[in-house]
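K.L.:
Need the 3D shape of this:
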Amino acid sequence: MALLGEEQWLFCPPVPRDLEGVDIPSGLVTDLILRRLSVEGTSNIQNLSNMVKLPVPVVHAVFNILRQQQLIEVKGMVGNDYRITLSGQGRAAAAERFQISRYSGPAPVSLKAYTEAVRLQATVVEITREALRAAFSDMVVPDSLLDQLGPALIEQSSIFLYGPAGNGKSSLAERMLRVYQDAVLVPYAVEVDGQIISLYDPAVHQRVGDDDEERDPRWVVCRRPCIIVGGELTSGLLELRYDDSTGIYSAPLQMKANNGIFVIDDFGRQVMSARELLNRWIVPLDRRVDYLSLRYGLKFEIPFQVLVVFATNLNPRELADEAFLRRIHNKIHIQSVSPEAFDEIFRRVTRARKVGAAQESTAAFRELCLADGRSELRACYPNDICNILNSIARYENREPTANPEDLKRAVQLYFTD
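P.N.:
Here you go, the predicted structure:
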């Protein structure tokens, strides 16, 4: 992936030079450093700077404040740096702060800065048919489908992929991220009304590049995120979650997916009902903003700059009413694959899985899949059948082959009467 050069960033937050430039309440910063110093026991200004992701001049300013308040003690010097620890009074103050929140990680950014960052980093992609062919090169995708996906990806609003199961809707959705050739900045955390919302998630945000001395260290350079959820999606995952043990909030999934893609796979089969989800997102999809609430009722606005992809094998009109479907501009029917595409998928899969297949095996397999009254070829059949062929070969302690006898055995195991 080619990262944008620093001079090309639409959003590049400067390094704060003083406590005021941090743009969050100064009391929050001092509490954070008190807690961090309590965790460290003994530390120095440079180490604290690295831990809370604030520049040395800011940490030094907080050090002066805490020293004047007699909350810290200087134990000596490490080069030109102070070796410091909490005083008895400081330990008492830190224990009091821990009752409110146990967070002692990177300092948050303000909600205003986060909102500006998301809007400035909104996806703008230039897509051609050739670029899409490259992005989906490991799939067999007809140009007719690429020509529907292209405009939908350029619009960057929402996409509804529907059609029979097993024809690659999920695989298409997962690969859409490949069209992006840039990176985005994601903050470790966001401050709202003095509360901390943890946002950066290594399980979602893939870090790239190194820290830059000219950029605020509270931001992480990441690939554009892609979150995929299936049947496990519940309403709670779309709201702020407060952790009583730490005193901080976890960002909801759509907030973590900002400036990227959010795929709802097997839409309509979630723990959360389709109607509940659609009612929850009817405003965000229309206005590009979402509303979250802190546990004491304060409601605030965040950007909803997400490409939402719904993938389902159910009838869209059974899942959503006309008002909601109108807000999803791009509805793409993923049809069963053609015989030519099916044969090419089978050839690719057998090569990749190292399953021996003679030339005549391709047509024989296609005919077996259409036997016994079956009328559609689905993209998932070759990979699924190759899994069974490999299992047969392992059971009989030999190399897997797609000969007529083994194919017939595998197909009989795979399909129900």
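
K.L.:
now the strands for the stretch 151-300 of the chain?
P.N.:
158-162, 183-187, 189-192, 195-198, 219-223, 226-229, 241-243, 248-250, 261-264, 289-293, 299-303 (DSSP state E, counting those that start in this stretch).

K.L.:
So for Arg398, which of the ones you listed sits nearest?
P.N.:
strand 226-229 (36.8 Å; Cβ to Cβ). (C-beta placed from N, C-alpha, C; glycine too.)

K.L.:
quick check: mean pLDDT across stretch 118-128?
P.N.:
In this model, stretch 118-128 has an average pLDDT of 88.

K.L.:
So which residues make contact with it?
P.N.:
Applying Cβ atoms under 8 Å, 6 or more residues apart in numbering, the external contacts of stretch 118-128 come out as 10-11, 150, 153-154, 156, 179-180, 184-185, 224, 258-260, 302-303, 305, 307.

K.L.:
Quick one: end-to-end distance for that stretch.
P.N.:
Across stretch 118-128, the terminal residues are separated by 25 Å (Cα to Cα, to the nearest Å).

K.L.:
where does Pro217 fall, phi/psi-wise?
P.N.:
With angles defined as degrees, to the nearest 10, Pro217 sits at phi -70, psi 0.

K.L.:
so who does it touch?
P.N.:
Val15, Lys53, Leu54, Pro55, Pro106, Asp211.

K.L.:
again, only using 6 Å
P.N.:
Shown in contact with Pro217 (Cβ atoms under 6 Å, 6 or more residues apart in numbering): Lys53.

K.L.:
cool, and Asp266?
P.N.:
So Asp266 contacts Gly230 (Cβ under 6 Å, 6+ apart).

K.L.:
Same question for the one 4 residues further on.
P.N.:
Listed by Cβ under 6 Å, 6+ apart, the contact partners of Gln270 are Gly231, Leu233.

K.L.:
go again using 10 Å as the cut-off
P.N.:
Val229, Gly230, Gly231, Glu232, Leu233, Thr234, Ser235, Leu237, Ile264, Glu276, Leu277 (Cβ atoms under 10 Å, 6 or more residues apart in numbering).

K.L.:
swap in Asp143?
P.N.:
By Cβ under 10 Å, 6+ apart, the neighbours of Asp143 are Arg129, Leu132, Arg133.

K.L.:
pLDDT value on the nearest residue to Glu301 once chain neighbours are set aside, please?
P.N.:
Using Cβ to Cβ, 6 or more residues apart in numbering and skipping the chain neighbours, the partner closest in space to Glu301 is Val289 (5.3 Å). pLDDT, Val289: 96.

K.L.:
From Arg119, how far out is Val289?
P.N.:
The gap separating Val289 from Arg119 is 10 Å, by Cβ to Cβ, to the nearest Å.

K.L.:
what do the two both touch?
P.N.:
Contacts common to Val289 and Arg119, judged by Cβ under 10 Å, 6+ apart, are Pro303, Gln305.

K.L.:
between the strands of the stretch 151-300 of the chain, which gets nearest to Leu111?
P.N.:
strand 189-192 (5.0 Å).

K.L.:
Kindly state the pLDDT recorded for the residue of the chain most remote from its centre?
P.N.:
Farthest-out residue of the chain from its mean C-alpha position, per Cα atoms, centre = their mean: Gly76, at 44.9 Å. With respect to pLDDT, Gly76 has a value of 90.

K.L.:
Quickly list the domain ranges of the chain.
P.N.:
Annotated domains of the chain cover 25-105, 116-333, 339-414 [automatic domain parsing].

K.L.:
Save those domains as CSV, and put in distance to Leu19 too.
P.N.:
Listed next are the domains of the chain as CSV, based on distance: least, Cβ to Cβ, whole Å:
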stretch, distance to Leu19
domain 25-105, 5
domain 116-333, 14
domain 339-414, 57
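
K.L.:
Nearest residue to Gly157 in space, please, no chain neighbours.
P.N.:
Quick fix: residue 157 reads Ser, not Gly. In space, Ser157 is closest to His329, 5.6 Å off (Cβ to Cβ, 6+ apart).

K.L.:
pretty sure that neighbour contacts Leu153?
P.N.:
No - taking contacts as Cβ atoms under 10 Å, His329 lies outside contact range of Leu153: 11.9 Å.

K.L.:
More neighbours: which of the two?
P.N.:
In this view His329 and Leu153 are compared by other Cβ atoms under 10 Å, and Leu153 has more residues nearby, 22 against 14.

K.L.:
would you list every one of the strands in the stretch 301-417 of the chain?
P.N.:
307-312, 330-333.

K.L.:
same for the shortest one, what does it pack against?
P.N.:
The elements that strand 330-333 packs onto, with contact taken as 3 or more Cβ pairs under 10 Å, 6 or more residues apart in numbering; DSSP states H and E, are helix 143-155, strand 158-162, strand 307-312.

K.L.:
I'd like to know which of these lies nearest to His205.
P.N.:
strand 307-312 (16.2 Å).

K.L.:
roughly how far is the closest one from the heart of the chain?
P.N.:
14 Å (Cα atoms, centre = their mean, to the nearest Å).

K.L.:
Would you mind measuring from the closest residue to Val221 other than its chain neighbours to Asp321?
P.N.:
Nearest non-adjacent residue to Val221, counting by Cβ to Cβ, 6+ apart: Gly209, 4.3 Å away. Per Cβ to Cβ, Gly209 is found 44 Å from Asp321.

K.L.:
again, but for Asp18
P.N.:
Asp18 is 53 Å from Asp321, by Cβ to Cβ.

K.L.:
Check Leu413 too.
P.N.:
For Leu413 relative to Asp321 (Cβ to Cβ), the value is 41 Å.

K.L.:
ditto for Thr123
P.N.:
Distance from Thr123 to Asp321, by Cβ to Cβ: 28 Å.

K.L.:
So between those two, which is more surrounded?
P.N.:
Counted by other Cβ under 10 Å, Thr123 and Asp321 do not tie: Thr123 has more neighbours, with 18 against 11.

K.L.:
and that one, how far is that from Asp81?
P.N.:
On the measure of Cβ to Cβ, Thr123 and Asp81 end up 42 Å apart.
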